[in-house]
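Enquirer: Predicted structure and sequence below. I'll ask about it afterward.
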Amino acid sequence: MSKLSIRDLDLNNKRVLIRVDFNVPLHAETREILDHTRIKETLPTIEYALRHHAKVILASHLGRPQGKPDPKYSLRPVVDRLRMLLDQSIGESINVAFSPDCVGDVALELADQLESRQVLLLENLRFHPGEESNDPGFAKQLAQLCDIYVDDAFGSAHRAHASTEGITHFVKQSAAGLLMEKEINFLGKAMHSPERPFVAILGGAKVSDKIQVINNLLNKVDVLLIGGGMAYTFLKAKGQEVGKSLVEDSKIEVARETLAKAERKGVRLLLPVDHLLADIFAPDARTLLFRGDGPFPAEWMALDIGPETVALFSREIEDARTIVWNGPMGVFEMPAFADGTMKIALAVSENAAALTVVGGGDSVSAIHQAGVAESVKHISTGGGASLEFLEGKTLPGVAALTEKH
Ligand code: AMP
């Protein structure tokens, strides 16, 4: 990685502001944290800073409070959970204080009072409109709290906000946290120097959401496997009648051009060859396995890939040395149509030799649902950010970090 990492810095006794992603799901009434995965994921960076005697200041957003304070979106419930998780993993109790505002006199005073190996969590950054508008005045106020800035919130790196981009203009050193560094390394390796064969698996609902990813990947991969709802716009573009399956009529031409581009580039673009059809879009629909490139029965829709497609895709996955997966192969939220996605998750996890990157909320939950998360090399924490990385875009939060010399 060409960017400065927290591991390159002298943190001793310094005020280190770490942008974390504590955007955790909360219970609507009790405000109890329902899932603390995001807090756990950034613990290695926090612990690293504490071990190196930093004064740790944590900043995050939570939900969409529209630029003003709203108790519904307070980060206060995170304090106890963070303390508990730190106690568990470090084995000693760490002082975690809370600042009711992320900038201003109170925050400044609390940051100044911090001693080394203590933690201060700031209130929700988005209680100020300057966060999302990347207001330089607000960014400067954040910067005044610290000596060093560390970004560990990969999931927010595709947004140029005050806490991800603006702040870097007002501090001397901006470094990647350990989680951020891992994301950049894995995604960077896959996209810039992949071992071959490089196989990308794309699924999910719409062609329109992923067309830029497809275009960029066609310049990189050897094989592109397309499943899920978006496959049906491609099959339609090839002339197959696909009944009531999801088709974006306005994207048929784009799909046709994509197929031609794949051919020009020598990329093998594979589409499903059999399908699990349903008579209605419902968990208890009647189903029918359909093979071949003939017309689907007019009233039926494809909600999952069939076993021949699973076998075809799995063979490619087995041979791959680099795998990128984004998007489910079917409507996996309904058990009747989850099989294709689960089997692809399994095939991906069984290839231990490949560098594998799974990104996007749905494919990440599929990997967990299949119970194989442990054996996958890299599960990206940033849905939108990983998609933009795959699109070949520069992420403002990454670009803003200090270059290593
Ligand atoms: P995305 O957010 O674009 O990755 O799309 C994920 C969604 O695509 C999931 O909610 C799936 O249920 C849906 N999906 C996958 N395959 C199909 C399909 N064949 N027909 C309709 N929706 C699908």
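Expert: Received it, and whenever you're ready, just let me know what you need.
Enquirer: any idea how far residue 343 is from the closest residue in space to residue 320 that isn't next to it in sequence?
Expert: Once flanking residues are discounted, residue 320 sits nearest to residue 199: 3.9 Å by Cβ to Cβ, 6 or more residues apart in numbering. For glycine as for every other residue, the C-beta is placed from the backbone atoms N, C-alpha and C. Distance of residue 199 to residue 343, given as Cβ to Cβ, to the nearest Å: 15 Å.
Enquirer: more crowded one of these two?
Expert: A side-by-side neighbour count of residue 199 and residue 343, using other Cβ atoms under 10 Å, places residue 199 first with 28 against 19.
Enquirer: Within range of the ligand, give me the residues from this structure.
Expert: Residues of the chain lying close to the ligand (Cβ under 6 Å from any ligand atom) are 204-206, 209, 228-229, 246, 302-303, 327-328, 330-331, 333, 360, 362.
Enquirer: from those, which would you call buried?
Expert: 204-205, 228-229, 246, 302-303, 327-328, 330-331, 360, 362 (16 or more other Cβ atoms under 10 Å).
Enquirer: Pipe these into CSV and attach pLDDT and secondary structure per row.
Expert: Shown next, in CSV, are these (pLDDT from 0 to 100; DSSP: H, G, I helix; E, B strand; the rest coil):
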residue, pLDDT, secondary structure
204, 93, coil
205, 92, coil
228, 97, coil
229, 97, coil
246, 97, coil
302, 98, strand
303, 98, strand
327, 93, coil
328, 95, coil
330, 97, coil
331, 97, coil
360, 79, coil
362, 86, helix
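Enquirer: ok, of the residues you listed, which one's closest to residue 29?
Expert: residue 362 (27.6 Å; Cβ to Cβ).
Enquirer: Could I get the contacting residues of the residue in the stretch 201-350 of the chain that the ligand sits nearest to?
Expert: With Cβ to the nearest ligand atom as the measure, residue 204 is the residue of the stretch 201-350 of the chain nearest to the ligand, at 2.5 Å. Residue 204 makes contact with 210, 228, 229, 230, 326, 327, 328, 360, 362, according to Cβ atoms under 8 Å, 6 or more residues apart in numbering.
Enquirer: Isn't the third one up against residue 206?
Expert: The reference is to residue 229. Yes - between residue 229 and residue 206 a contact is recorded at 6.6 Å, counting by Cβ atoms under 8 Å.
Enquirer: what's the overlap in contacts for those two?
Expert: Taking Cβ under 8 Å, 6+ apart as the contact rule, residue 229 and residue 206 both touch residue 246.
Enquirer: hmm, back to that, quick one: which two of the buried ones among the residues of the chain next to the ligand are the most distant?
Expert: 302 and 360 (20.5 Å).
Enquirer: Could you list the domains of the chain?
Expert: Residue ranges for the domains of the chain, per automatic domain parsing: 6-177, 184-390.
Enquirer: can you pull out the helices in the stretch 251-400 of the chain?
Expert: Counting by DSSP state H, counting those that start in this stretch, the stretch 251-400 of the chain has helices at residues 252-265, 307-319, 339-350, 361-369, 383-390, 396-399.
Enquirer: ok, residues contacting the first one?
Expert: When you say that, I think you mean helix 252-265. For helix 252-265, contacts defined as Cβ under 8 Å, 6+ apart pick out 207, 211, 214-215, 218-219, 224, 233-234, 236-238, 268-269.
Enquirer: Next: the shortest one.
Expert: Under the criterion Cβ under 8 Å, 6+ apart, residues 3, 151, 153-154, 156-160, 164-165, 176, 180, 184, 385 lie in contact with helix 396-399.
Enquirer: Now, of these, which are buried?
Expert: For the contacts of helix 396-399, buried by 16+ other Cβ under 10 Å: 3, 151, 153-154, 156-160, 164-165, 176, 180, 184, 385.
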